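Novice: what would the 3D arrangement of this be:
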Amino acid sequence: MNRPEIHVHVPKTAGITVRGLLIEKYGPANVYGSDVVSGRLSSMEKQGFKADNSQRGGRNKLAKLVTPTMAQVGLAVRDRIIGEEPAEALKKASAVTGHFNVDAFAGIPEADAADYITMLRNPLERMVSHYRYLKQLDHKMGKMRHWGAGHNPNRPFGEFAFDERLQNYESQFVGTDLGRYALIGTFERIDEFCENAGLIMVGEPVRNLNEGKWHGPVDSFTDSSFVHDFEQFHAVDYSLYDQVA
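Specialist: Sure thing, here's the model as predicted:
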């Protein structure tokens, strides 16, 4: 029975870096990604990735020919069409990565025997990055597929951070039982995580450490009472992060 490596990718936790290193380790034909809507899996090779983690051919061509919104829709539909049912894909995949819950493939023998890995990030830092990323996309699309929930162009961060749909957002992906993971690390110590995962880091990792200008008011982010309330609202996420850190 195949025993794949399954990377639960929490948004804004260096998932692109990990995906690229998995592609370098196993090859694009053996690393599968998940379509968010259908749950079908397709290899990075079929998605247009190369061994160096670049995207060429159809993906770049489509993005140049149509608006970013239509390209996003087109790629999502394409990935659904070329995707396979998880029960079949997991028999072949060396690694699977994507924005899915840890229980997404429960009951499939290969998934139950898999080595799960994931990475957490300081919850407030992750939420800031999440918000900033969606703000940067305002001119391209109103909602970023599945994880644009709670966002609209004029909503302040103070409201976004307390949206019930985003409460304990990291736990929504990784669950609450850290014992299920063969390896779990933190965004802030990504080098150590990659070393332990047997992923060779070439040069500096791709990171978003919230550098540069803030796109919106910062008062709530720096206010101590806000931080306290945020920590209480996302208490499960903080508990998990503290255990790992």
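
Novice: in the chain, which spans are helices?
Specialist: Ranges of helices in the chain, per DSSP state H, are 15-26, 58-65, 68-82, 86-89, 109-112, 123-136, 157-160, 169-174, 190-196, 219-222, 224-233, 235-244.

Novice: would you mark the buried spots in the first one?
Specialist: Which is helix 15-26. Of all the residues in helix 15-26, those buried under the rule 16 or more other Cβ atoms under 10 Å are 15, 17, 18, 19, 20, 21, 22, 23, 24, 25, 26. The way it works is simple: take the backbone N, C-alpha and C, and place the C-beta from them, glycine included.

Novice: can you find the helix or strand in this protein with the smallest mean pLDDT?
Specialist: Every helix and strand of the chain was ranked by mean pLDDT, DSSP states H and E. The lowest is helix 58-65, at a mean of 52.

Novice: low-confidence bits of this structure, can you list those?
Specialist: Within the chain, the ranges that satisfy pLDDT under 70 run 52-80, 137-148, 201-222.

Novice: swap the cut-off to 50 and go again
Specialist: 56-58, 62, 66, 141-143, 203-218 (pLDDT under 50).

Novice: max-length strand in it?
Specialist: If you go by DSSP state E, the chain has its longest strand at strand 115-120.

Novice: what is that one packed up against?
Specialist: Identification of packing neighbours for strand 115-120 by 3 or more Cβ pairs under 8 Å, 6 or more residues apart in numbering; DSSP states H and E yields strand 5-8, helix 169-174, strand 183-186, helix 235-244.

Novice: returning to that earlier point: of the helices of the chain, which approaches residue 40 most closely?
Specialist: Residue 40 lies closest, by Cβ to Cβ, to one member of these: helix 68-82, at 5.9 Å.

Novice: roughly how far apart are residue 26 and residue 4?
Specialist: Using Cβ to Cβ, to the nearest Å, residue 26 is found at 9 Å from residue 4.

Novice: overlap in contacts, the two.
Specialist: Listed as contacting both residue 26 and residue 4 by Cβ atoms under 8 Å, 6 or more residues apart in numbering are 94, 95.

Novice: and the gap between residue 169 and residue 109?
Specialist: As judged by Cβ to Cβ, residue 169 and residue 109 stand 30 Å apart.

Novice: between those two, which has more neighbouring residues?
Specialist: When neighbours are counted by other Cβ atoms under 10 Å, residue 169 and residue 109 differ, and residue 169 comes out ahead with 22 against 14.

Novice: ok, now which ones touch that one?
Specialist: So residue 169 contacts 10, 11, 123, 126, 127, 130, 234, 237 (Cβ under 8 Å, 6+ apart).

Novice: what about it, distance to residue 152?
Specialist: For residue 169, the distance to residue 152 - Cβ to Cβ - is 17 Å.

Novice: what of residue 225?
Specialist: Residue 225 is 25 Å from residue 152, by Cβ to Cβ.

Novice: all set, thanks.
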